[in-house]
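sequence first, predicted model second:
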Amino acid sequence: METFNEIISHFPEVRHVSKIEPLTSGLINKTYKVETAGKDSCDYILQCINHQVFQDVDLLQHNIECVTRHIRRKLEEAHETDIRRKVLRFAEADNGKTYHFDGEHYWRVCEFIPDSQTLDAVTPETSYLVGLKFGEFEAMLADLPEKLGETIPDFHNMEFRMRQLREAVAGNAAGRLDKVKALVDEIEKDADEMCRAEQLYREGKLPKRICHCDTKVSNMMFDKDGRVLCVIDLDTTMPSFVFSDFGDFLRSAANTAPEDEPDLDKIHFNMEIFKAFTKGYLESTRSFLTPLEKEMLPYAVKLFPYMQTVRFLADYLNGDTYYQISYPEHNYVRTLAQFKLYQETKKAEPEIRKFLNEE
């Protein structure tokens, strides 16, 4: 493996490096801040791409380049100011690509956005801003001319996730099926309904759009005054249903407890977070959202806790081979917690529909 200075040397625009230090944020890629010295110099983010998760790095970077180039063009056409802080920019390596392979690892360099911050707290105020910005992100990419690929194939494909669960049930690798058989039966009762998006897509009734697919408040940069600058962490940006951005945010942000909460009585669906996020999202997406997509937003709210229930349960049945666990029954606790959240979203559906009909 090359040293950091050797890696940086493959990105000609990065000069006069004074310090390289690790950043603690980010669960998938290893990330470092590169500080430079000299007049008019800027700092950078150096990342080691997790190519176990993102196995086609060329496709990954192609997607990101297309997305950032298109957004930059839209900002320029709108005569926006301070564009360098409103869209990510990746440095070109000496191989003509936006990544360098050192024979073992893949590396990329992105310009650091100065005077910016990420937020972790989810409030109605931040939820509104997140909904507004992720909706704007989708709207800006609605006319993207280039074709993007799936950086993680079948990432939010419910039919695929159900096949994984059924294979785990059939294999019963960890001998745990008897314990969860009743839960498997409950999940199966709703399987056809929850796989509806894929069916409608095959029928040509539901489009796929360019979505972020990891809509957390921490995947957005804010300035020091709390104004949104730009969307970050673009690795999962790919074709998907709009439900991916809408439902995935609410699965975590509108949950009143952690996703592995053992006390199910603490798990409820926070309607205030839902309403704030949805208000912002709809303001930004009215220009392209179809009537069917809007009609199915309550489905999106239910889909993601259901999908995560299925994924945790499949891993539990397989013997905890995918998700890291802190104790032997961790995936079982996660499964029950997500299924309770799914049940809470079903209970909230009449109020969810009423709010959407009024917006």
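Yep, that arrived.

not counting stretch 169-176 itself, show me its contacts.
177, 184, 316-320, 332 (C-beta atoms under 8 Å, 6 or more residues apart in numbering). (Each C-beta comes from the backbone N, C-alpha and C, glycine too.)

if you rank the residues you listed by neighbours, which is first?
residue 317 (27 neighbours; other C-beta atoms under 10 Å).

doesn't it fall inside a helix?
Yes - under DSSP: H, G, I helix; E, B strand; the rest coil, residue 317 sits within a helix.

regarding the residue lying closest to it once chain neighbours are set aside, what is its secondary structure?
The spatial neighbour of residue 317 that comes closest, neighbours along the chain excluded (C-beta to C-beta, 6 or more residues apart in numbering), is residue 168 at 3.9 Å. Recorded secondary structure, residue 168: helix (three-state DSSP).

and of the contacts of stretch 169-176, the nearest to residue 154?
Nearest to residue 154 out of the contacts of stretch 169-176 is residue 318 (C-beta to C-beta; 16.9 Å).

the closest one touches residue 311, doesn't it?
No - taking C-beta atoms under 8 Å as the definition, residue 318 is not a contact partner of residue 311, at 10.7 Å.

just to revisit the earlier point, the residue nearest to residue 317: neighbour count?
What residue 168 shows, counting by other C-beta under 10 Å, is a neighbour count of 23.

cool, residue 143 as well?
Residues near residue 143, counting by other C-beta under 10 Å: 10.

okay, and it sits in which element?
For residue 143, there is no enclosing helix or strand under DSSP states H and E.

quick one: secondary structure of residue 352?
Under three-state DSSP, residue 352 comes out as helix.

one more: residue 129?
Applying three-state DSSP: residue 129 is helix.

identify the residues contacting it.
220, 228, 280 are the contacts of residue 129 under C-beta under 8 Å, 6+ apart.

what about the residue nearest to residue 43 when sequence neighbours are not counted, how many residues nearby?
Using C-beta to C-beta, 6+ apart and skipping residues adjacent in sequence, the residue nearest residue 43 is residue 112, 4.0 Å away. Neighbourhood size, residue 112 [other C-beta under 10 Å]: 15.

one more: the one 4 residues further on?
Residue 116 has 15 neighbours, counted by other C-beta under 10 Å.

measure it to residue 328 for me?
Here residue 116 is placed at a distance of 41 Å from residue 328 (C-beta to C-beta, to the nearest Å).

and for residue 127?
35 Å.

higher neighbour count, those two?
Using other C-beta under 10 Å as the criterion, residue 127 and residue 328 rank with residue 127 on top: 26 against 8.

ok, the more buried one touching residue 271?
No - Residue 127 is not in contact with residue 271 according to C-beta under 8 Å; the separation is 11.4 Å.

remind me which helix or strand residue 197 belongs to.
In the assignment (DSSP H and E), residue 197 maps to helix 196-202.
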